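> build me a structure from this.
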Amino acid sequence: MSKFNISSLAMAVIFSGSSNVTFAEQASALPSISMNRNILAQGQHWRKTLIAQISQHPTLVAQRQIMASKYSQANGLRQALYNPELASSVEKEGDFTNYSLAINQTFDWWDKANVRAKTADFQVKSALQSYRAKWQSIIAETLKALVQYASSAKRSELALAQEQGIYILIAQVKERQAVGDLGPLDSQLALYSLGQKYSDTAKLVAEFEQIKIMAQQFIPSLNDQEISIPDQFWQSLPTVFPLDSVQRHPLVLAQHARRQIAKQNARLVNLDTKAEPTFGVSAGKSAGESTVGLNVSIPLNIRNDYSNEARAASQSALAIESELKALLQAKKYQLKASISTVREYKKRFESWQQLMADEQTSSDMLIAKLWRSGEINTNDYLMSIQQISDGKLAGIDMQEAYQLALIDALTQSGQLIDFISPPAKNFRTQ
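Now for the predicted structure:
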């Protein structure tokens, strides 16, 4: 934020005796945050810097650990289902020592390994999309914090400019009082206005500091210049949000993957109800004679055929599919609401820009000229300046609302992650 010493600047104006500098002129000459942005914070550099900072957010670090855990589980599912079993025995029979050594292997008769491999693939997809959903959520929160930061900075700058301008006005009133042009009431009105402005400025500056701290929780190492969102970012965003874009939303894609996992689990549980043979080969010595044997064992699912477990797994898969439909429906309606909000704020903000484009500066100068010439009194001058300030604040509020609505629409449509994507290294789990 632009930094200046209000008291020293005001006193310099007062003692300089300059009566030609008005509040409106001084306010228009104040530095703006948008003019102080570091050029390195623009475009791709700003995007890369933001991504680097967001990647270190504790929530995303935790999510990457969860994703790594899911990847390890998936790798486990791709391994062989059954390990061979080694069995041995030794016994004493009279003068003979009998012994045997056997190797048993259960065979994947129903190709469960293929089902497990498919489950692993969908588990990886689910973990990836869950991470992307969390990334998009953090990005949205960060951008909203930065929008609020920029808007709050403009409001506090405007309030400080008004406060400074009233200091100047008081000096000019005293000059005109000295020559008999104005009475003591004008001075009192200016002082009362300054007192009110102290309260307004304190609230806005305190709000700015709070919002700044909240923004820095996402990007703690960025300085004041780099923290502003560059204009290039807003210009690159889409203005159309197709309803079918929710199909590509990370949360929806993650739910699709979970539905497939549930289906494969149901299939796997159903296969578990079927018996699989175990073959074994043994060799040894019994009563002094060499022995070789072959054995086969098959479990008999008589007392429990595991049909209840299979039914439960199928019902769980149906429940997850219903949850997917509910999620899609909710996302579509949320996107519709966001689109309507963006449309309204965009229309109102652009109308405000057109109305104010040719009027702000000329109105400021005209009112200042009328006051200096005595055509309007001090009270009318202060009221007019306040109305102009209210108009500027309304523009700041509308721009903030429009940008927040745009971020929300991008988030609801799942398109925000296309503009600020997580780095590829975030997906390396080794």
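> extract the CA atoms of the top strand by length along the chain and return them as PDB.
Taking DSSP state E as the criterion, the chain has its longest strand at strand 96-106. This file holds the C-alpha atoms of strand 96-106, laid out as PDB (Å, rounded to 0.1, in the frame of the first residue of the first chain):
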ATOM      1  CA  PHE A  96      13.100 -94.300  11.200                       C
ATOM      2  CA  THR A  97      13.100 -90.500  11.000                       C
ATOM      3  CA  ASN A  98      10.300 -89.500   8.600                       C
ATOM      4  CA  TYR A  99      10.300 -86.000   7.100                       C
ATOM      5  CA  SER A 100       8.600 -84.200   4.300                       C
ATOM      6  CA  LEU A 101       8.800 -80.900   2.500                       C
ATOM      7  CA  ALA A 102       5.900 -79.400   0.600                       C
ATOM      8  CA  ILE A 103       5.100 -76.300  -1.500                       C
ATOM      9  CA  ASN A 104       1.500 -75.200  -1.800                       C
ATOM     10  CA  GLN A 105       0.100 -72.500  -4.200                       C
ATOM     11  CA  THR A 106      -3.400 -71.200  -4.300                       C
END
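> and the next helix or strand after it, what does it pack against?
Using DSSP states H and E, the helix or strand that follows strand 96-106 towards the C-terminus is helix 112-178. Judged by 3 or more Cβ pairs under 8 Å, 6 or more residues apart in numbering; DSSP states H and E, helix 112-178 is in contact with helix 6-16, helix 23-29, helix 43-54, helix 58-77, helix 184-216, helix 250-272, helix 378-413, helix 416-419. To be clear about C-beta, it is placed using only N, CA and C from the backbone, and glycine gets the same treatment.
> so for the longest strand of the chain, what gets flagged as buried?
Along strand 96-106, these residues count as buried under the neighbour rule (16 or more other Cβ atoms under 10 Å): 98, 100, 102, 104, 106.
> can you tell me how far the third one is from Ser282?
Distance from Ala102 to Ser282, counting by Cβ to Cβ, to the nearest Å: 4 Å.
> overlap in contacts of these two?
Common neighbours of Ala102 and Ser282, counting by Cβ atoms under 8 Å, 6 or more residues apart in numbering, are 87, 293, 295.
> how much space between the second one and Gln63?
From Gly293 over to Gln63 the distance is 54 Å, taken as Cβ to Cβ.
> count of residues packed around Ala133?
Residues near Ala133, counting by other Cβ atoms under 10 Å, number 20.
> got a list of what it touches?
Contacts of Ala133 (Cβ under 8 Å, 6+ apart): 249-251, 254.
> turn the shared contacts of Ala102 and Ser282 into JSON lines, columns for secondary structure, neighbour count and distance to Leu204.
Below are the shared contacts of Ala102 and Ser282 laid out as JSON lines (DSSP: H, G, I helix; E, B strand; the rest coil; neighbours: other Cβ atoms under 10 Å; distance: Cβ to Cβ, whole Å):
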{"residue": "Ala87", "secondary structure": "strand", "neighbour count": "11", "distance to Leu204": "81"}
{"residue": "Gly293", "secondary structure": "strand", "neighbour count": "11", "distance to Leu204": "90"}
{"residue": "Asn295", "secondary structure": "strand", "neighbour count": "11", "distance to Leu204": "85"}
